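> Any chance you could fold what I've pasted below:
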Amino acid sequence: MSDTRPTLVWIRRDLRLSDHAALSEAVARGGPVVPIFIRDGLVDALGAAPKWRLGLGLEHYAEALRDKGSRLILRSGKARDVLLDLAKALGAGAVYWQRAYDPDSVDRDTEVKSALKEAGLEAESFAGHVMFEPWTVETKQGGYYKVYTPYWRAVKDVDVAAPLPAPARLPAPDSWPDSEALEDWALGAAMRRGADVVRPYVQLGEEAAQGRLGAFMGGKVADYNDTRDRPAVDGTSCLSENLSLGEISPQQCWHAGRRAMEEGKPGAETFLKELVWREFAYHLMWHSPRLLTDNWREEWDAFPWRDDERLREVKAWKQARTGIPFVDAGLREMYVTGRMHNRVRMIVGSYLCKHLLMHWKIGMRWFEDCLIDWDPASNAMGWQWVAGSGPDATPYFRVFNPVTQREKFDPDRAYIDRWIAEGRRNPSAEALAYFDAVPVSWGLSPDDAYPDPVIGVKEGREKALNAYENKGF
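This next block holds a predicted model:
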């Protein structure tokens, strides 16, 4: 028999209707479905760009729910208290949600589930943010994978469940509970004037995400093996923005990639491997939460990182005025679009951690504030990978040369010309937009002279290698 009491569906980083197990199970349960988003301490702690992008996503998702005859209820406070209070007011019988895997969310969700069950409510969490639950993939010895390639081999032939369809309608309660107003939350306040610059580059919501996936599989995937490393070419899926907030599920991306691979489309398998890098990051974060806070390789604790945000070199790096065009272009792309090409992220990160010998945490924190596609696991793993302190990391002696990298991946300087304005007679609109996006307090103008390098490419490499060798790496 179905249960006609309402079911609360706690919405988090899963702003979609299709392939949403918690929503589907709530509908199947038989009673009214009440979606709720809670602005708790974890939401308040988000960086400027991710929080602003979340606000846009919530606004769009509320509209999608209205089209299904439903609403998105907004409440602020401690998740446990909000859910208990709302469940009591509605006479709800269950609370469903989709799992998160970062340690702070796990602690919160564990507390919530215990409190709900103690109150006599059904409390269930479901998979959805990753394809492979971290505890389900083990080595032959029973441990977790610490290297990507064996992890890829372990999961590449695992059956991934087919995506769930979106519910035709979401049954509504007889009367809706009160909701706070999204505009009162001011989730975009910290973006200031940068919001107007970045907004045109946002692809918002489930429909846009599906459009991105379809366009990529219908064309760009064929050349993905080559174009994915060329930042001046529109050669990637750009789905990281939508995956970060669950506007599309990794399962939906996986099945589209598998179909493309079976159709013989070049680049499809590489796309799947990139999707599994995201899974690997979550696998590592779950089993080794220190990935988010400390050197994953503990021997790197002895390395003489500099972790002072006030240093001149850090200021130059943040302002995208290091004097190294490929590095500066990448950071400027981030300030204007909210994203940065993956190849360039490696160059930008390597320059900070190796040429400048700054702690990877500086970069991780800065990206956490500036990226609309910020993802806790991928951001942390990416920075530790490029610094050398993480799993599957680049060897200490691999110091990306931003000059030769530019020559290889941006040979005609199209990417640099798109994002660097200083010294150009007719700079592009995107290059000029950088000066509209960054804080006024930086006092920057396109009429400024382009700076000399903070440190020369050769000199920076030698300093890095000397530091590594002196510490016995």
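> which residues of the chain score low on pLDDT?
1-2, 393-397, 471-473 (pLDDT under 70).
> The strand ranked longest in it: what's the following helix or strand?
As assigned by DSSP state E, the longest strand anywhere in the chain is strand 33-39. Later in the chain than strand 33-39, the nearest helix or strand by DSSP states H and E is helix 41-44.
> Name the nearest residue to residue 174, ignoring sequence neighbours.
Nearest non-adjacent residue to residue 174, counting by C-beta to C-beta, 6 or more residues apart in numbering: residue 32, 7.7 Å away. For the C-beta atoms, the positions are set from N, CA and C on the backbone; glycine is no exception.
> Looks like that neighbour contacts residue 175 (just checking).
No: contact status for residue 32 versus residue 175: not in contact, 10.0 Å apart, counting by C-beta atoms under 8 Å.
> between those two, who's got more neighbours?
Comparing residue 32 with residue 175 by other C-beta atoms under 10 Å, the one with more neighbours is residue 32, at 22 against 6.
> who's in contact with that one?
Applying C-beta atoms under 8 Å, 6 or more residues apart in numbering to residue 32 gives the contacts 6-7, 171-174.
> can you check residue 437 too?
By C-beta under 8 Å, 6+ apart, residue 437 lies in contact with 193-194, 197-198, 335-336.
> which residues touch the closest residue to residue 391 other than its chain neighbours?
Counting by C-beta to C-beta, 6+ apart, residue 146 is the residue found nearest to residue 391 once chain neighbours are left out, at 5.2 Å. The neighbours of residue 146, taking C-beta under 8 Å, 6+ apart as the test, are 284, 391-392.
> And for residue 369?
Residues counted as contacts of residue 369 (C-beta under 8 Å, 6+ apart) are 47-49.
> packing partners for the helix or strand hosting residue 58?
Under the criterion of DSSP H and E, residue 58 resides in helix 48-67. In terms of contacts (3 or more C-beta pairs under 8 Å, 6 or more residues apart in numbering; DSSP states H and E), helix 48-67 is packed against helix 182-185, helix 194-198, helix 205-218, helix 240-244, helix 360-370.
> And those helices: which comes nearest residue 270?
helix 205-218 (12.2 Å; C-beta to C-beta).
> can you give me the offset of the closest one from its chain's centre?
What separates the centre of helix 205-218 from the centre of its chain is 17 Å, taken as C-alpha atoms, centre = their mean, to the nearest Å.
> What angle do helix 48-67 and that helix make with each other?
Here helix 205-218 points in a direction 100 degrees away from that of helix 48-67 (axes from the mean of the first three to the mean of the last three C-alpha atoms, to 10 degrees).
> Would you mark the buried spots in helix 205-218?
205-206, 208-210, 212-213, 216-217 (16 or more other C-beta atoms under 10 Å).
> again, but for stretch 56-76
Neighbour counts over stretch 56-76 (16+ other C-beta under 10 Å) mark 56-58, 60-62, 64-65, 68, 70-75 as buried.
> Relative to residue 237, which of these is nearest.
Distance to residue 237, by C-beta to C-beta, is smallest for residue 57 among the buried residues of stretch 56-76, at 18.1 Å.
> List the backbone torsions phi and psi for residue 179.
phi -130, psi 140 (degrees, to the nearest 10).
> Out of the contacts of residue 437, which end up buried?
Burial by neighbour count, judged by 16+ other C-beta under 10 Å, picks out 194, 197-198, 335-336 from the contacts of residue 437.
> Residue 384: which of the residues you listed is nearest?
Distance to residue 384 across those (C-beta to C-beta) is lowest for residue 335, with 23.6 Å.
> what sits against that closest one?
194, 197, 320, 370, 434, 437-438.
> go on, residue 217?
256-257, 259-260, 265, 268.
> And the strands in the stretch 151-300 of the chain?
Remark: strands of the stretch 151-300 of the chain are absent; assignment by DSSP state E, counting those that start in this stretch.
> any idea which of the contacts of residue 217 is closest to residue 130?
Residue 130 lies nearest to residue 257 out of the contacts of residue 217, by C-beta to C-beta, at 15.4 Å.
> my read: the closest one touches residue 273, true?
No: using C-beta under 8 Å, residue 257 is not in contact with residue 273; the gap is 9.5 Å.
> The residue lying closest to residue 281 once chain neighbours are set aside: which element?
Closest residue to residue 281 apart from its sequence neighbours, by C-beta to C-beta, 6+ apart: residue 377 at 3.8 Å. Take DSSP H and E as the rule and residue 377 turns out to sit in helix 376-387.
> contacts for that helix?
101-102, 240, 277-278, 280-282, 284-285, 291-292, 295-296, 300, 345-346, 349-350, 353-354, 360-361, 363-364, 367-368, 371, 390-394, 400.
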